[in-house]
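[1] Let me see the structure of the following:
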Amino acid sequence: MGLLGGPSKGVLLQMSQGIASIAMQLQMITELDEDTKNQALEGMKAEGSPTNMNELVTMAASVINEQGMGWYKKNQYLGMIFGSLVSLGMSPADANYIKGQIEIIAG
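    You can find the predicted model right below:
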């Protein structure tokens, strides 16, 4: 894992947008009534999507190691996750918290 190792910028953007999309879905699901919430979570589980924020953070962190991201690509990826979350309407504080959790788990 070198300084610049990892996928292209376009691939990083697609991955970060996917993570942000799932995070926003999970955030919106918490506002639903219990039956609708359970249905939505079962559907996400059937699709293989994370069903809580801890699973999502762990998945996002594992991508860093699986893709062999170097320092530059890792930070680019984390920045794209933050930007994608904020652009989808999440508060910068919450987005920064999620980014930080991914960073901690990825090591």
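[2] CA atoms for contacts and neighbours, from now on please.
    Fine.
[3] Return the helix or strand in the chain with minimum mean pLDDT.
    Ranking every helix and strand in the chain by mean pLDDT, DSSP states H and E puts helix 34-47 at the bottom, with a mean of 91.
[4] and the residue nearest the centre of the chain, what does it touch?
    Residue closest to the mean C-alpha point of the chain, counted by CA atoms, centre = their mean, is residue 19 at 3.2 Å. By CA atoms under 8 Å, 6 or more residues apart in numbering, the contact set of residue 19 is 56, 60, 81.
[5] most neighbours, which of those residues?
    Counting neighbours by other CA atoms under 10 Å, residue 81 comes out on top of these with 28 neighbours.
[6] Where does residue 51 sit: helix, strand or coil?
    State at residue 51, reduced to three classes by DSSP: H, G, I helix; E, B strand; the rest coil: coil.
[7] before we move on, back to that, just list what the helix or strand following the least confident helix or strand of the chain packs against, helices and strands only.
    Downstream of helix 34-47, the next assigned helix or strand under DSSP states H and E is helix 53-66. Helix 53-66 sits against helix 9-29, helix 92-106, with contacts defined as 3 or more CA pairs under 8 Å, 6 or more residues apart in numbering; DSSP states H and E.
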